[in-house]
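In: Show me how the following folds:
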Amino acid sequence: MNHLTPNELLAVLKAARSRSARDWCMILLAYRHGMRASEVCDLKLADVDTKAGSISIRRLKGSLHTVQPLYRHKGQPLLDEVTALRAWMRERQPDGSDYLFLSQKGGRLHRSQFFRIFRACAEEAGLPPRKRHPHALKHSLASHLVAGNMNLALVKQCLGHKAIGSTMKYVGTSDAQASEAAQAALMRLY
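Out: Numbering: from 1, shown residues only. This next block holds a predicted model:
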């Protein structure tokens, strides 16, 4: 699976925000918390605590249930989860559903609808077809965290994985990156 570059991610988020607060919010949360399409669609209103600034994620495929903070981002407004959530909650029409993201007809948004929304945003952002799948968001988060030299055990926790082997599937590094990291580690030692 291909991951998005930081600029590609921002382009997708910009396209999503121009479509609706819902699309922006769900794509941002999917990226920021490494969620699968079904996990995003399964979010309920009670899973988001804006006062405490947290989100509770029921992971699928034997992964961990995680509670993670919601972050503001002053440097890049497209990455501000709190603002995105507030914008969506102002627009969200109460329909008796306890799901966070609703379809246009009301009720729970299906993962196939999320897929179509992401694909449309990715296409509008000019991404190549191979990057127009929402699972690219999970791969992107893993790649971006690793590129930022985050400890793999912490990346594992961010993605909600029980085993580090699951995390390794999402991490792609080049020989040059490995060599540079090894050189930097040895320089710190000697």
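
In: need the strands for this structure, in chain order.
Out: Along the chain, counting by DSSP state E, strands occupy 48-49, 54-58, 65-69.

In: which one of those strands has the lowest average pLDDT?
Out: For the strands of the chain, the bottom mean pLDDT is recorded on strand 65-69, which sits at a mean of 87.

In: how about that strand: buried residues?
Out: Buried residues in strand 65-69, counted by 16 or more other CB atoms under 10 Å: 66, 68. C-beta coordinates here come from the backbone N, C-alpha and C atoms, glycine included.

In: tell me the centre residue of this structure?
Out: Closest to where the C-alpha atoms of the chain average out (CA atoms, centre = their mean) is Tyr31, at 1.2 Å.

In: Run through the residues that contact that one.
Out: The contact partners of Tyr31, by CB atoms under 8 Å, 6 or more residues apart in numbering, come to 9, 13, 137, 140-141.

In: what's the answer for Thr83, then?
Out: Counting by CB under 8 Å, 6+ apart, Thr83 makes contact with 72, 77.

In: mind checking how far it is from Cys25?
Out: Distance of Thr83 to Cys25, given as CB to CB, to the nearest Å: 9 Å.

In: ditto for His133
Out: In terms of CB to CB, His133 sits 19 Å off from Cys25.

In: can you check Pro77 too?
Out: Where Cys25 is concerned, Pro77 sits at a distance of 13 Å (CB to CB).

In: More neighbours: which of the two?
Out: Between Pro77 and Cys25, counted using other CB atoms under 10 Å, the more crowded position is Cys25 (26 against 12).

In: And the pLDDT for the more buried one?
Out: On the pLDDT scale, Cys25 gets 97.

In: next one: Val171
Out: The model reports Val171 with a pLDDT of 65.

In: How about Met1?
Out: Note for Met1: predicted pLDDT of 56.

In: The closest residue to Phe114 other than its chain neighbours - how many residues pack around it?
Out: Nearest residue to Phe114 in three dimensions, chain neighbours excluded: Ala37, at 4.6 Å (CB to CB, 6 or more residues apart in numbering). For Ala37, the tally of surrounding residues (other CB under 10 Å) stands at 24.

In: Quick check: Ala37 touching Phe115?
Out: Yes: using CB atoms under 8 Å, Ala37 is in contact with Phe115, at 5.9 Å.

In: shared neighbours of these two, anything?
Out: Common neighbours of Ala37 and Phe115, using CB under 8 Å, 6+ apart, are Pro134.

In: Columns distance to Leu145 on top of the strands of the chain, output as CSV?
Out: Converted to CSV, the strands of the chain look like this (distance: least, CB to CB, whole Å):
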stretch, distance to Leu145
strand 48-49, 22
strand 54-58, 16
strand 65-69, 13
